[in-house]
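> with the sequence up front, the predicted model follows.
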Amino acid sequence: MQVKTSAFIVMALAAATAVAVEWPAALSRPLPEEPVDSSAAEVMMDQQGRLEKAWSTGRTRVRTLTSSNSAVLRHNDSLGFVSQSMKYDVSVNNDLELQNHYLDLSGHVTQDRYPFEFSSLGVEWMPFMNLNRGQRKSTTQNTLHLGPTLGLSVKGIPFRLRGGGAVDVWHDELPDHVSDYDLRDVRDMEEDIGVYGGISAGNGTEEILPGIPVYTEGSAYIREQDSANVATTRAQVLFLKELNLGDSLCLYVADSLLMGKSAHMSDRPGGETQFSTTPHRVWHAVRATGGFRARPRLHFRPSVGYTFSLSTLAYPSFLGDVQRTDHTIVAMLESAETFFLDYAGGIQFDFVEEDWMYRFSVPLEARRWASPDGDTVDNLDTLDKNLLDNDELVTAMSHRVGKYLDNGLGLTYTFEIRRNQISYPNFYYQDTDTAQDTVRSVEDADRIRHRHRLELTLLSRERVRVTLQGEYLKNVTSYVRAEKSDRNKTARLYRIEAGLAFSPLPMLSFEEAGGAKVNIETFHFPQARPGEFPPYSREFYSNLSGTWHIRRWCALEGLWDAIYRDNGYWDAKEYRDMPSDDVPDAFYAIQTKSLETRLELATSLSFRQWLLTRIGAQLHDVYERSFREGVYQTADLGIGYEMSPFAEIRVQAADRLLLDARVKRYIDTVADDYWDLSLALQAAF
């Protein structure tokens, strides 16, 4: 019997192998679209609910409910394609007396090769409904888009045209309950009628011309309504060329534009919503990426890439315009399979410039506004926004090297460093006569992050596996301006974990993951923060699980978790506001201590490999103490001991059906009991 690595260790290993410097995702070869089944039906359901029974009344009520449901019906044959979808989401919070319902019934029908061999004709419909129920009233927004579609194929390039009518209907003052609605509420609804249209070309996954490795797609959309007039365009081109020597050349260009405003249900104080529109805005983004990836030479494969991006956001009606320019240079090196080590690393430079109020020039001589004794000029808002201009330089480097033998022994070491330098150059004066009382941002900062991680597999046998992990993380934050330099600090994380997977018998296995971590902060200028101490915390944990397969269809499972935590601060003489001879020069002052334990026992039953059930119970307890009045006193968390019996069921039939259901009851010695119910269903026919 092979020993399985615990899920906790697997997740940690996966996170550790992520390299900070990565190849631009836009330069990857696009995947072809999956073929659509001739006829299919897909159903997905995800239900999460919490029921509570109050012992004082004996009644059970729904405290919270989150439900997401969707269904898609498709039929595809030689004549055309029909699709109808349904998505219904609901969230209920009876503690706050809030409900939200959302319904989407979009669909379309298309007849192929009509009226010509190279064209298709169809109809699309997109009805949406959103209902929000608050404590005092309800609001609703209903939208319908309906119109014809036309598909064309011109020299193998697909085109699609669409257009029709758009209707928005809303009401901000409905009664708080559906049973109180009447015809007057329907007549009082407001409406906005308009039109929409769009065109798209290409699909981005197929070459536009045979033998030419260029992939392109683009689209344009416009909607004209009083409350929501918007126009968008999007285009992208990808060029992938493999050179004669096996090297690869990649180029990518994309452009996106959005202008207009949109209508939505916005949140208001008290959890209520109201129909409103966003301000008119113009957003434009351009991105160009180029890269060169060489074939493996001398056991290594180098690659370089450059990305330029420019985005602007403008509001014609109020302040808030911003332009962001970004230049990114990346160089990477990967080892080939023929090399005796597994290596991946790289370096990346990011030059970012953010320009607020970029359409308005604010010269130095205008960066003044009158003192309180004089006349105030009208450009103060512009000056304040102009202070947000910043220049940022991000430098990152990462290296990952590993070696594993055929017997499973080996190690992986990861080193990452990232430096983020940001400066705010703009300022203005509060005195019109002399350059006094300068106003500027004090957020100029230099942040450096180091990360070292080592993973070792010390023993790997058929029935036993031993692993060890260690991690050191250091974050240094330095504010350049004197006004905020007292916030300069260094944060450190130390973590170590050992893992053991052991199977003494073919039907019996155990897994243990235990470790410790420490978080430490130090202040660079403690004399500027007298009487303020840096935080300090520790954690020690152990996770032990075991499985005994009594029969092929029956197993007993056990889990024991124990986590000790303490939190406090580092008390040293350099941080104290006055000296004291009665206490040590430095010590760890623990403010809270807690011990969290969890015991779970379950029986797992499987039938014919398609039905799996788990029935069990979990005992949970948190014992916390706080330092008050010179002693550690037990903290009342309001739950006491907690017992949670549960039942789980999973039904899986190939790729057609997957059902997960769970019922869990929480019983504690202090608060009222409650139930957690969950149901997830995926079905395809």
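Arrived safely, thanks for sending.
> tell me where the stretch 501-650 of the chain has strands.
Along the stretch 501-650 of the chain, counting by DSSP state E, counting those that start in this stretch, strands occupy 508-523, 535-551, 554-572, 586-607, 611-628, 631-634, 642-653.
> for the first one, name the packing helices and strands.
Taking 3 or more C-beta pairs under 8 Å, 6 or more residues apart in numbering; DSSP states H and E as the contact definition, the neighbouring helices and strands of strand 508-523 are strand 489-505, strand 535-551, strand 554-572. Backbone N, C-alpha and C define where each C-beta goes, glycine included.
> reformat the ones you listed as CSV; add distance to P316.
Compiled in CSV, these are given as follows (distance: least, C-beta to C-beta, whole Å):
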stretch, distance to P316
strand 489-505, 42
strand 535-551, 46
strand 554-572, 50
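> and of these, who's closest to V304?
strand 489-505 (32.9 Å; C-beta to C-beta).
> the closest one pairs with which strands?
Looking at strand 489-505 with DSSP bridges, its partner strands are strand 464-479 (antiparallel), strand 508-523 (antiparallel).
> using TSV, lay out those strands together with mean neighbour count and distance to G211.
Formatted as TSV, the strands paired with strand 489-505 follow (neighbours: other C-beta atoms under 10 Å; distance: least, C-beta to C-beta, whole Å):
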stretch	mean neighbour count	distance to G211
strand 464-479	17	50
strand 508-523	18	54
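> let's have those in CSV, adding distance to D566 and mean pLDDT.
Formatted as CSV, the strands paired with strand 489-505 follow (distance: least, C-beta to C-beta, whole Å; pLDDT from 0 to 100):
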stretch, distance to D566, mean pLDDT
strand 464-479, 20, 97
strand 508-523, 10, 97
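> got those strands as a markdown table, with distance to P425 columns?
What follows is these, written out as a markdown table (distance: least, C-beta to C-beta, whole Å):
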| stretch | distance to P425 |
| --- | --- |
| strand 464-479 | 15 |
| strand 508-523 | 28 |
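> what about L473, distance to N420?
15 Å (C-beta to C-beta, to the nearest Å).
> if you could redo that for V439, that was the one I meant.
In terms of C-beta to C-beta, V439 sits 25 Å off from N420.
> and what of L468?
From L468 across to N420, the span is 32 Å (C-beta to C-beta).
> how about the helices and strands packed on strand 508-523, which one is nearest R359?
Closest among the helices and strands packed on strand 508-523, once you apply C-beta to C-beta, is strand 489-505, at 38.2 Å.
> which residues touch the closest one?
Residues outside strand 489-505 that contact it (C-beta atoms under 8 Å, 6 or more residues apart in numbering): 1, 3-6, 8-9, 12, 463-477, 509-524, 534.
> which residues touch the nearest residue to V583 once chain neighbours are set aside?
Spatial nearest neighbour of V583, chain neighbours left out: D571 (7.4 Å); criterion: C-beta to C-beta, 6 or more residues apart in numbering. If you count contacts by C-beta under 8 Å, 6+ apart, D571 has them with 533, 583, 586-589.
> what's the ChimeraX line that selects buried ones from those residues?
Selection of the buried residues among the contacts of D571 in ChimeraX, burial being defined by 16 or more other C-beta atoms under 10 Å:
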select :533
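> pick out the lowest-pLDDT one from the contacts of D571.
Within the contacts of D571, V583 has the lowest pLDDT, namely 80.
> keeping just the C-alphas, turn stretch 402-411 into CSV.
Output in CSV follows, covering the C-alpha atoms of stretch 402-411 (Å, rounded to 0.1, in the frame of the first residue of the first chain):
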residue,chain,number,x,y,z
GLY,A,402,15.3,21.3,-6.7
LYS,A,403,16.5,17.7,-7.0
TYR,A,404,14.6,14.5,-6.4
LEU,A,405,16.0,11.0,-6.7
ASP,A,406,14.2,8.0,-8.1
ASN,A,407,13.5,6.8,-4.6
GLY,A,408,11.6,10.0,-3.8
LEU,A,409,14.2,11.7,-1.6
GLY,A,410,15.1,15.2,-2.5
LEU,A,411,14.7,18.9,-1.7
